[in-house]
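Sequence first, then the predicted structure, then my questions.
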Amino acid sequence: MSAGFAMVRAMRLLHTSDWHLGRSLHKADLREAQERFLDHLVDTAREERVDAVLVAGDIYDRAIPPVDAVAMCEQALARLRDTGARVIVISGNHDSARRLGFSSALIDASGVHLRTSPGRLSDPVVLEDDDGPVSVYGVPYLEPAVGLPGWEGERRHEAVLGEAVARIRADATARGATRTVLMAHAWVAGGADDKERKETAERQASASERDISVGGIGYVPMSLVGGFSYVALGHIHGQQTLAENIRYSGSPLPYSFSEASHRKGSWLVEIGADGKTRTERVPAPVYRKLSVLRGHLEDLLTSPAYARHHDDFLAVTLTDTARPEAAMDRLRNRFPHILTLEFKPAGVTGDTRSYGERVKGRDDLTVAAEFVKHVRNAPPSKAEHQLLTAAFESVREGAC
């Protein structure tokens, strides 16, 4: 049992999301990393005697996932269920709700509950402990253009999610439910007004999250999901606390270099008899650190300061005045897991003119020479100039 939790047994939930099974990182295979995380999740569910595992969407990285990703998901759900925990899953914007929810009515009986249909969002999974029921409502990603069954309101994220939550509150009231959990895959921001909410939402986002905005507005106010014992959110990849009882678990792995500084994990949540929650962060295992390096090639290759990055996934920006030859191959000899390489010479500013403006009044040879200079930050040598001249002459003769 976690040291920070009371000895009195309360309803215990494990909140995770955004597995993105099938995803790679700049072509680097992440299957082993994802398997390690799922092993960790199963171990946590067993060791902490979790009553239910909440998976808040984006199980897969794309609507038609690769076969090995489907197998990984199936095994993970079965193993989580074998710990004794119920498993409740909603679909995210990366998932195909229809494919993920196939046979959900039959699978419900096994204790794995797939909530992918908007028509079932007010049909809770009811968990029981000594203090009575806890009603868990799963809201899959809602596409504003599609709306909700039997509803003709505005096709905006805020309006559609607002209607979904209103239906859930009505069901909870009818049941007399006092301990309620909401799962949702959405972009929730915590500001007091539109400007602050927008700024908060922009800070939350990372490069690996697919844009879900419609008409420039994809976020919804935090007030929309208030009033529940706990709100388990998915979509934002950084683990975040919007309020003590409203949290994003974030993705278990960094899926872009914009997430290099993220601390990944899940949330262990206890719901007491009074409906109040206590939450503890569960760190995810680090498969391989992501690092961003910038500097001259020779310095990166020789300085002892960079030795600690040998095993990292790397994004490197070279600042050499002239583009070094075979830079990627040379860097890979020292850093075998380098994934991206950019060339941004120090002190060089980009040409802001349009392409048409830059080539206007120039012959082909001059344009080609300028291109060489742009790419390498050094003009072509005499031999290269002669080679370019011969190439253009050959083309002209062939066209005659």
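Structure received. Being a predicted model, the structure only gives us computed values, none of them experimental. Residues are numbered from 1 along each chain as shown.

only C-alpha atoms for contact and neighbour calcs from this point on.
OK.

where does the residue nearest to the spatial centre of the chain land in three-state SS?
Residue closest to the average C-alpha location in the chain (C-alpha atoms, centre = their mean): residue 237, at 4.0 Å. Following DSSP: H, G, I helix; E, B strand; the rest coil, we place residue 237 in the coil state.

Next: the one 5 residues further on.
Reducing the assignment to helix, strand or coil with three-state DSSP, the entry for residue 242 is strand.

how deep is it tucked in, by neighbour count?
14 (other C-alpha atoms under 10 Å).

same check, this time on the one 10 residues further on
Other residues lying near residue 252 total 28 when counted by other C-alpha under 10 Å.

ok, it - contacts?
16, 17, 18, 19, 34, 37, 264, 265, 266, 284 (C-alpha atoms under 8 Å, 6 or more residues apart in numbering).

what about 10 Å?
Residues near residue 252 by C-alpha atoms under 10 Å, 6 or more residues apart in numbering: 16-20, 33-34, 37-38, 41, 237-239, 262-266, 283-286.

If you drop the residues flanking it in sequence, what lies closest to the residue nearest to the centre of the chain?
Distances taken as C-alpha to C-alpha, 6 or more residues apart in numbering place residue 250 nearest to residue 237, at 4.1 Å, with adjacent residues excluded.

For the one you found, list the residues it contacts.
15-19, 56, 233-240, 262-267.

Apply 6 Å and report the result again.
236, 237, 238, 239 (C-alpha atoms under 6 Å, 6 or more residues apart in numbering).

Report whether it is found in a helix, as I expect.
No. The assignment for residue 250 (three-state DSSP) gives coil, which keeps it out of a helix.

what's it sitting at in phi/psi?
As for residue 250, its main-chain torsions (degrees, to the nearest 10) stand at phi 80, psi 170.

mind checking how far it is from residue 88?
Distance check for residue 250 against residue 88: by C-alpha to C-alpha, to the nearest Å, it reads 17 Å.

what do you get for residue 57?
Distance from residue 57 to residue 88, counting by C-alpha to C-alpha: 10 Å.

Pick out whichever of these two has more residues nearby.
residue 57 (32 against 23).

and the residue lying closest to that one once chain neighbours are set aside, how many residues sit next to it?
Nearest non-adjacent residue to residue 57, counting by C-alpha to C-alpha, 6+ apart: residue 92, 4.0 Å away. Using other C-alpha under 10 Å, residue 92 is surrounded by 31 other residues.

now, the most widely separated pair of the contacts of residue 250?
The distance between the two most remote of the contacts of residue 250 (C-alpha to C-alpha) is 7.7 Å, for 236 and 239.

Quick check: closest non-adjacent residue to residue 167.
Nearest residue to residue 167, sequence neighbours excluded (C-alpha to C-alpha, 6+ apart): residue 122, at 6.2 Å.

hang on, the one you found packs against residue 168?
Yes. Using C-alpha atoms under 6 Å, residue 122 is in contact with residue 168, at 4.8 Å.

between the two, which one's more packed in?
In this view residue 122 and residue 168 are compared by other C-alpha under 10 Å, and residue 168 has more residues nearby, 23 against 20.

quick one, what contacts the more buried one?
Here residue 168 is in contact with residue 122 (criterion: C-alpha under 6 Å, 6+ apart).

Going by secondary structure, it is in what exactly?
Here residue 168 sits within helix 157-175, counting by DSSP states H and E.

That helix: how far from the chain's middle?
26 Å (C-alpha atoms, centre = their mean, to the nearest Å).

Let me see the contact set for residue 63.
94, 95, 96.

so what's the second one scoring on pLDDT?
In other words, residue 95. Looking at residue 95, its pLDDT stands at 92.

and the spatially closest residue to it that is not a sequence neighbour, which of the three is it?
Nearest in space to residue 95, with sequence neighbours left out and distances taken as C-alpha to C-alpha, 6+ apart, is residue 63 at 4.7 Å. For residue 63, the assignment made with three-state DSSP gives coil.

for residue 390, same thing?
Going by three-state DSSP: residue 390 is helix.

Going along the chain, name the helices of the stretch 301-400 of the chain.
Here the stretch 301-400 of the chain has its helices, by DSSP state H, counting those that start in this stretch, at 327-334, 355-359, 364-376, 382-399.

in terms of contact, does residue 280 touch residue 268 like I think?
Yes. Between residue 280 and residue 268 there is a contact under C-alpha under 6 Å: 5.1 Å.

and these two? which has more neighbours close in?
Between residue 280 and residue 268, counting by other C-alpha under 10 Å, residue 268 is the more crowded of the two (23 against 15).

JSON lines for the helices of the stretch 301-400 of the chain, including mean neighbour count, mean pLDDT and distance to residue 226?
Listed next are the helices of the stretch 301-400 of the chain as JSON lines, based on neighbours: other C-alpha atoms under 10 Å; pLDDT from 0 to 100; distance: least, C-alpha to C-alpha, whole Å:
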{"stretch": "helix 327-334", "mean neighbour count": "15", "mean pLDDT": "97", "distance to residue 226": "50"}
{"stretch": "helix 355-359", "mean neighbour count": "11", "mean pLDDT": "75", "distance to residue 226": "52"}
{"stretch": "helix 364-376", "mean neighbour count": "16", "mean pLDDT": "77", "distance to residue 226": "54"}
{"stretch": "helix 382-399", "mean neighbour count": "12", "mean pLDDT": "81", "distance to residue 226": "67"}
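
Tabulate these in CSV, adding columns for distance to residue 48.
Listed next are the helices of the stretch 301-400 of the chain as CSV, based on distance: least, C-alpha to C-alpha, whole Å:
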stretch, distance to residue 48
helix 327-334, 41
helix 355-359, 61
helix 364-376, 56
helix 382-399, 68
